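S.K.: mind folding the following:
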Amino acid sequence: MIEIFTDGASSGNPGPGGYGVILRSGQHYKELSEGFRKTTNNRMELLAVIKGLEALKTPGQDVIVFSDSKYVIDAIEKRWLNGWVAKGFAGKKNKDLWMRYLEISKLHKVKFNWVRGHNGHPENERCDQLAVAAGKRTPLLIDSVFEAEHAKAGML
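M.R.: Numbering: from 1, shown residues only. Below you'll find the predicted structure:
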């Protein structure tokens, strides 16, 4: 069993932000994080899950993802994502990331476990630290899909 702990953060919505991930399996432990100059909390929460899954080297893994994001977990567990796909993501945000999630999640047996954020859960607290610190690094990466969509809509 591989455990993936995730968190996303954004200073402003949109604003600079980042994600933090912990991968743990037996004795193996790895942390991941990246920061972006303009993004949202929900994009970072979802990207954290994607990056955690993409870091797995062998397909067919049993994975449990721990997240404090109701947006991510409810979309998957309550099958909202299936409806969004069926409707071509009409009126929904983050289609690029959801499509990326759908592709990577096919490679593994993924389950989700919601954890209350900022409630003393050690791995969630560490992921939050990673995400916040990543959003403060320089230089920050460019979330090109997000920025292009918002520029087109005149929101940046």
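S.K.: helices or strands next to the helix or strand of the chain with the lowest mean pLDDT in the packing?
M.R.: Least confident helix or strand, the chain: helix 144-152 with a mean of 88, by mean pLDDT, DSSP states H and E. Judged by 3 or more CB pairs under 8 Å, 6 or more residues apart in numbering; DSSP states H and E, helix 144-152 is in contact with strand 28-39. C-beta here means a position set from N, CA and C on the backbone, and glycine is covered the same way.
S.K.: ranges for the helices of the protein?
M.R.: With DSSP state H, the ranges of helices along the chain come out as 41-54, 70-77, 80-86, 95-105, 122-134, 144-152.
S.K.: which of those has the lowest mean pLDDT?
M.R.: If the helices of the chain are sorted by mean pLDDT, helix 144-152 sits at the bottom with a mean of 88.
S.K.: mind listing what's buried in it?
M.R.: By neighbour count on 16 or more other CB atoms under 10 Å, the buried set for helix 144-152 is 146-147, 149-150.
S.K.: same list, the residues you listed, but as CSV with distance to K87 please.
M.R.: Below are the buried residues of helix 144-152 laid out as CSV (distance: CB to CB, whole Å):
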residue, distance to K87
F146, 21
E147, 25
E149, 18
H150, 22
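S.K.: farthest-apart pair in those residues, please.
M.R.: The largest separation in those, counting by CB to CB, is between E147 and E149 at 7.4 Å.
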